[in-house]
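Novice: Okay, predicted coordinates and the sequence, questions at the end:
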Amino acid sequence: MTSMLTSSTESSDSPAGEAEIIPLLRTQIDAIDVGIARLVAERSRLSSRIQTARIAAGGVRVELGRERLVLEGYRQTLGEDGVALGSAVLRLCRGPLPS
């Protein structure tokens, strides 16, 4: 990523030089956001398959012990704010309650 940011504007200390890089950085962020959304959608599909298999085997839909492990992973990687993100991901991936 550093090589993408190396340019003639980098050597300039002016705010205008820094402002020129903003569209490039925003494009990179947008691509990451698309990737995150795709990964969460894939995680949701996998979670649905696990839920279906678990229920078919007589188990529960949501395994709270597993969710605690997932949240701990988010906490270790991203700090306390990661727990909020992990909770949102888990909510999205649980899907609607079966009817």
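Specialist: Everything's here; your move.
Novice: what does the average pLDDT come to for stretch 23-36?
Specialist: Here stretch 23-36 scores 97 as its mean pLDDT.
Novice: One more: stretch 58-67?
Specialist: Taken as a whole, stretch 58-67 has an average pLDDT of 95.
Novice: Then stretch 86-98?
Specialist: Rounded mean pLDDT across stretch 86-98 is 90.
Novice: Figure out how far that stretch is from the centre of its chain.
Specialist: Its chain's C-alpha centre and that of stretch 86-98 lie 13 Å apart, by CA atoms, centre = their mean, to the nearest Å.
Novice: ok, how many other residues are close to residue 47?
Specialist: 17 (other CB atoms under 10 Å). No exception for glycine: its C-beta is placed from N, CA and C like everyone else's.
Novice: Now do the SS call for it.
Specialist: Judged by DSSP: H, G, I helix; E, B strand; the rest coil, the three-state class of residue 47 is helix.
Novice: Please apply the same query to residue 68.
Specialist: Residue 68 is classified as helix under three-state DSSP.
Novice: residues in contact with stretch 75-93?
Specialist: Under the contact criterion CB atoms under 8 Å, 6 or more residues apart in numbering, stretch 75-93 has outside partners 40, 43-44, 47-48, 67, 70-71, 73-74.
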